[in-house]
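Peer 1: Pasting the sequence and the predicted coordinates here, then a few questions.
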Amino acid sequence: MYLVGFMGSGKTTSGRLLAGRWGVPFVDLDLAFESMSGRTIRETFETHGEAYFRARESELLRGTAMLPNAVVALGGGTFTFSENVRFVKEYGLSVFLDPPFEVLAARLADKAADRPLFGSLESARMLWEARRPFYKMADRTLDVNHETTPGDVAGRLALLLDPRNTGGR
């Protein structure tokens, strides 16, 4: 299962809970990049640029094909590239975690400095609006609001992969 959505949508927290529930590997592409490169994403953007980061991110994504049963949290921009969308659709089920922007802004208020593309609240909203059409290409959408806990999201994600609900996919 590939979790898609904007920064702060809960992909990492909910994905880790779901993977633990199922006893399968969990991969967060952003964390994997930082672990393998020894640099934060912000440092990478500043020293090598976004294009370099996106190329490495796509390479990491392709490496997930070796994990037939895993939960993968994509970076916020990963699913905005057609080659990544094609890959995800070929190798798994994609789910868009879709909280309203106000929920995202509240979650990211103290983390904006760590997010190279966050900038101001207005620029973040514009980026969110620009990415939403891509996120909506996911196989499923899971509405999330301010009252939804990560455990609730993990439970709902588990139901999505129940063969009785997905037609066996």
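Peer 2: Received it, and whenever you're ready, just let me know what you need.
Peer 1: Quick one: the strands in the chain, in order.
Peer 2: 2-4, 26-28, 71-73, 94-98, 140-143 (DSSP state E).
Peer 1: tell me the most buried of the ones you listed?
Peer 2: Of the strands of the chain, the one with the most neighbours on average (mean count of other C-beta atoms under 10 Å) is strand 2-4, at a mean of 30. For glycine as for every other residue, the C-beta is placed from the backbone atoms N, C-alpha and C.
Peer 1: What helices and strands are in contact with that one?
Peer 2: Counting by 3 or more C-beta pairs under 8 Å, 6 or more residues apart in numbering; DSSP states H and E, the packing neighbours recorded for strand 2-4 are helix 11-22, strand 71-73, helix 82-91, strand 94-98.
Peer 1: Can you say which of these is packed in most?
Peer 2: Among those, highest average neighbours (mean count of other C-beta under 10 Å) belong to strand 71-73, with a mean of 28.
Peer 1: Check the gap between the most centrally placed residue in the chain and residue 107 for me.
Peer 2: Residue closest to the mean C-alpha point of the chain, counted by C-alpha atoms, centre = their mean, is residue 74 at 3.3 Å. Per C-beta to C-beta, to the nearest Å, residue 74 is found 17 Å from residue 107.
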